[in-house]
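Colleague: predicted model follows, preceded by the sequence.
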Amino acid sequence: MENMQVQGMRLGRTPKRDDPRSLKLEALLPKAIPQPPAAVDATTGVTRWPMYANDHLGDCTCAAVGHMLEIWTEQATNSPRILTDAQVIALYNLVNNGQDKGANMLDVLHQMRVGAGLAGDKVFAYASVDTKRADLVKAAAWLFTGLYIGIQMPVSAQKQTGPNTSWDVATGPDGQAGSWGGHAVNVVAFDGNGLTVVTWGALQKMTWGFWNAYVDEAWALIPVDYEHLKGVLQANGFDFAQLQQYLQSVGPVDQVTARQ
């Protein structure tokens, strides 16, 4: 989870776990991957990104989902839903058995789909995104208003964190993937120079080089009330029939209700 703890910047993502049942995003998109705009920004209308206790707990996997909910609710209702720390910690405790030992992203996604969810919110489905395919990463971040990603953080990123700098590739021992530990964040924007994520209560830039060197897990999430996303998905060839077939094969979502 964390090879070292840094005051005000906890990590908490445990190593990526592969599951052969996981749906791959390319199965739902046409062979010709949709071409997104050169620059995408999903943060419009969201002005505050709470820490969600990630300054003192290793709950980054859950805090990132909380930040995604802000964007989904802003797009659906023009008013971002700001959660409480207690609500995010409740999800964290579901997946870590009440111990501050970090969490696996796949376990969080399972809770978000068939478990209690986050403060009553759930996801309709999720699909893995090949982190080595820039075309797929960009298309997914555009179509799904962001991505849920896992990073093998290098120690070098500690000094690169802040409003006027970007996470970038570094050499030497401090630049080794995972030398700091595992972290989970959500992508909210990208352009030709790099991507923007939310972490530790703020927006943080990273270069594409950093992505290629350290990001090893990415997921496209579809919220329960995905109607506000459906237009752009349908217009770009998203296969809802294939998604439904997959969901039937893995079982129904328990007690899913649309957001009021």
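Modeller: Noted; the coordinates are in hand. Values in this document were obtained by computation on a predicted structure and should not be read as measured data.

Colleague: avg pLDDT for the strand or helix carrying residue 248?
Modeller: Element membership for residue 248, per DSSP states H and E: helix 240-250. For helix 240-250, the mean pLDDT works out to 82.

Colleague: and what of stretch 37-46?
Modeller: 95.

Colleague: ok, now stretch 173-181?
Modeller: On average, stretch 173-181 scores 98.

Colleague: also stretch 213-225?
Modeller: For stretch 213-225, the mean confidence score works out to 93.

Colleague: just the CA trace of it, in CSV.
Modeller: Presented in CSV, the C-alpha positions along stretch 213-225 are these (Å, rounded to 0.1, in the frame of the first residue of the first chain):
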residue,chain,number,x,y,z
ALA,A,213,5.7,5.1,-16.7
TYR,A,214,3.5,4.7,-13.6
VAL,A,215,-0.2,4.2,-14.4
ASP,A,216,-1.1,0.5,-14.5
GLU,A,217,-4.9,0.5,-13.9
ALA,A,218,-7.8,2.4,-15.4
TRP,A,219,-11.5,2.0,-15.3
ALA,A,220,-14.4,3.7,-17.2
LEU,A,221,-17.4,4.0,-14.8
ILE,A,222,-21.0,4.3,-15.8
PRO,A,223,-23.2,5.9,-13.1
VAL,A,224,-26.6,4.5,-12.4
ASP,A,225,-28.3,7.6,-13.8
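
Colleague: skip the chain neighbours and tell me the closest residue to the residue nearest the centre of the chain.
Modeller: Centroid-nearest residue in the chain: residue 148, 1.4 Å away (criterion: Cα atoms, centre = their mean). Take residue 148 and drop its neighbours on the chain: the residue closest to it by Cβ to Cβ, 6 or more residues apart in numbering is residue 219, 4.4 Å away. All C-beta atoms are positioned from the backbone trio N, CA, C, and that covers glycine.

Colleague: tell me which element that neighbour falls in.
Modeller: Using DSSP H and E, residue 219 falls in strand 215-223.

Colleague: now do that strand: which elements does it pack against?
Modeller: In terms of contacts (3 or more Cβ pairs under 8 Å, 6 or more residues apart in numbering; DSSP states H and E), strand 215-223 is packed against helix 60-77, helix 105-114, strand 123-128, helix 134-143, strand 147-153.

Colleague: and the closest residue to residue 192 other than its chain neighbours, how many neighbours?
Modeller: Excluding its sequence neighbours, the residue lying closest to residue 192 (Cβ to Cβ, 6+ apart) is residue 38, at 6.4 Å. Other residues within reach of residue 38, judged by other Cβ atoms under 10 Å, total 9.
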